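**Student:** Everything below, folded, please.
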Amino acid sequence: MTPALYECVLTYMNEKRTRSTADVRRVTVVTKAVAVFAGAGYHATPVTAVADAAGISQAYVFRLFRDKLGLFLAALDHTFSEIERALEEGAASVPGGSPDEVLTAMGDAYAALIADRSLMMMQVHAQSASDVPEIRAKLAEGTRRIWLYVRSRSRGSAPAVQRFMAYGQYCHLIVTAGLSQVEEPWALEVADGMTHVEA
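**Tutor:** Residues are numbered from 1 along each chain as shown. This next block holds a predicted model:
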C-alpha cells in the first residue's frame, strides 16, 4: 500500500469512527432530551439542562443539532418512533386478530408506554408549543405517521382508528390530571373503562 493510499484509508476510517461516535451520542442526547423537555417544555428548558443530563457540553449538543429547536424536534420524532414500536408490539401479541382485537392490544401497549410520564409529557408539551410552526408541523407529521400505521396494521375503519387516537389523548388527560386518584363519582365515570397505567 502506497503512503498516499494509506493516508486515504486512515482518513476514511477516522471519519467513519467519528460519524459512528456522533450517531451514538445523538441517540443518547435525544433520549435524555425527551426526559428533560418533559419536565418544563420547549420554551422553559435551556439546552444546558439537556447537555448536563447527557454528560456533554452545550457546544457539543450544538454540533449534533443545529439549535434547541432542532434538538426538540429530534426528541419529538423519537417519541413517535417509540409509540410506533409499542403499537407494533401490541399488534404482534394478537396474530390474526380482528381489527378490534388489534386496536385493543395496541391501546394496551400504548397505555403501558405512557406509564413512563416522560414520553407522554413530551407529547403534551409539544402540543402546548404548537405556536412554533416547526413543532406544529412535526406534530402533524407524527400524527400522520401513527394514523397511517394504525390504519394499515389494524385494518380498522377510519372511524375505529379515529376513536383509537381520541382515546389516546383522553388517556393523557386522565393520567396528567391524576383522575384515577380522585375518589369521586364524576372522576370514576370519566375514567370508567379506560385502559391506562399509572407510573
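**Student:** Can you name the helix or strand that the residue nearest to the spatial centre of the chain falls in?
**Tutor:** With distances taken as Cα atoms, centre = their mean, the residue of the chain nearest its centroid is Thr79 (0.7 Å). Element membership for Thr79, per DSSP states H and E: helix 68-92.
**Student:** go on, Cys171?
**Tutor:** Cys171 belongs to helix 158-176 when assigned by DSSP H and E.
**Student:** So for that helix, mean pLDDT?
**Tutor:** For helix 158-176, the per-residue pLDDT values average out at 91.
**Student:** and if you look at stretch 51-64?
**Tutor:** 94.
**Student:** So for it, first residue to last residue, what's the gap.
**Tutor:** Using Cα to Cα, to the nearest Å, the span of stretch 51-64 from its first residue to its last is 11 Å.
**Student:** Ok, stretch 84-103 next?
**Tutor:** Using Cα to Cα, the span of stretch 84-103 from its first residue to its last is 13 Å.
**Student:** Can you list the neighbours in contact with stretch 35-46?
**Tutor:** For stretch 35-46, the surrounding residues in contact (Cβ atoms under 8 Å, 6 or more residues apart in numbering) are 49-50, 53, 68, 72, 75, 117-122, 125-126, 128-129, 132, 135. The way it works is simple: take the backbone N, C-alpha and C, and place the C-beta from them, glycine included.
**Student:** Now do it: distance to the chain's middle.
**Tutor:** Taking the mean C-alpha point of stretch 35-46 and that of its whole chain, the gap between them comes to 14 Å (Cα atoms, centre = their mean, to the nearest Å).
**Student:** repeat for stretch 169-185
**Tutor:** Centroid separation between stretch 169-185 and its chain, computed with Cα atoms, centre = their mean, is 21 Å.
**Student:** which of the contacts of stretch 35-46 are buried?
**Tutor:** Among those, those classed as buried by neighbour count (16 or more other Cβ atoms under 10 Å) are 49-50, 53, 68, 72, 75, 117-122, 125-126, 129, 135.
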